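*Asks:* requesting a structural model of the entry that follows:
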Amino acid sequence: MRTIAVVMLAAIATAITPARASEQPRGTNCISAEEADGHAAGDGEGADEDTPPKFSSAFYARTVTLNASLDGIDGKHLPVSIEEVCDVPKALAKQAVQLAGTDGVVLVTAHTRVWMDGRRVQGDAAITALDGADTARLRVRLAPQRQWGEDEDGDRIPTFVARRIAITD
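*Replies:* Residues are numbered from 1 along each chain as shown. Sure thing, here's the model as predicted:
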């Protein structure tokens, strides 16, 4: 009887212990860059490469997870290469395909929470960590197109407002 009680207590403790940022799952309903390439090649729409992608108001209102490679931070702008777009409902998946495999900019604000090695980092330590990071899992919301940044060629690129950034490497 005692053994059962101990096992049950251990199971309950495990279930209610919060997961560390680095132990959280990568997300659900992920669309990878490889999937996006396949859809883009076979969609038959012939979209112009210079035309910015179009999104519905429902997509702009949605917080999604990006698995991305980072390219150092420049002030509050964090350039990223988007490898996966996750936590997107199936109804919005066709729009998310436009982001996977592309470059973007993530705006880091005073409200952005930065995590590294399961611990929250703040202030200058967060900026230093982001500047040296190679990859991260980012909880973001897509900014309205009028707020999008530009790449080195002057083309508009998707810009996101970061809520949470978990540095993964």
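
*Asks:* rest of the way, CA atoms for contacts and neighbours
*Replies:* Will do.

*Asks:* so Trp115 sits right up against Ala166, yeah?
*Replies:* Yes: with contact defined as CA atoms under 8 Å, Trp115 counts as touching Ala166 (4.6 Å).

*Asks:* residue ranges of the strands in the protein, please?
*Replies:* For the chain, the strands defined by DSSP state E cover 31-32, 63-70, 77-86, 103-107, 113-116, 119-121, 135-142, 149-150, 156-157, 159-167.

*Asks:* Cys86 contacts Leu66, correct?
*Replies:* Yes: if you go by CA under 8 Å, Cys86 and Leu66 touch, sitting 6.2 Å apart.

*Asks:* looking at the two, which is more packed in?
*Replies:* Leu66 (28 against 24; other CA atoms under 10 Å).

*Asks:* rewinding a little: can you list the strands of the chain in TSV and add mean pLDDT and distance to Leu92?
*Replies:* Shown next, in TSV, are these (pLDDT from 0 to 100; distance: least, CA to CA, whole Å):
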stretch	mean pLDDT	distance to Leu92
strand 31-32	92	11
strand 63-70	98	11
strand 77-86	97	11
strand 103-107	97	19
strand 113-116	98	26
strand 119-121	97	31
strand 135-142	98	13
strand 149-150	91	23
strand 156-157	94	19
strand 159-167	98	17
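
*Asks:* of all the ones you listed, which lies closest to Ser56?
*Replies:* strand 135-142 (10.9 Å; CA to CA).

*Asks:* list the neighbouring strands of that closest one plus their orientation.
*Replies:* strand 63-70 (antiparallel), strand 159-167 (antiparallel) (DSSP bridges).

*Asks:* can you redo these as JSON lines with distance to Pro79?
*Replies:* Listed next are these as JSON lines, based on distance: least, CA to CA, whole Å:
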{"stretch": "strand 63-70", "distance to Pro79": "6"}
{"stretch": "strand 159-167", "distance to Pro79": "9"}
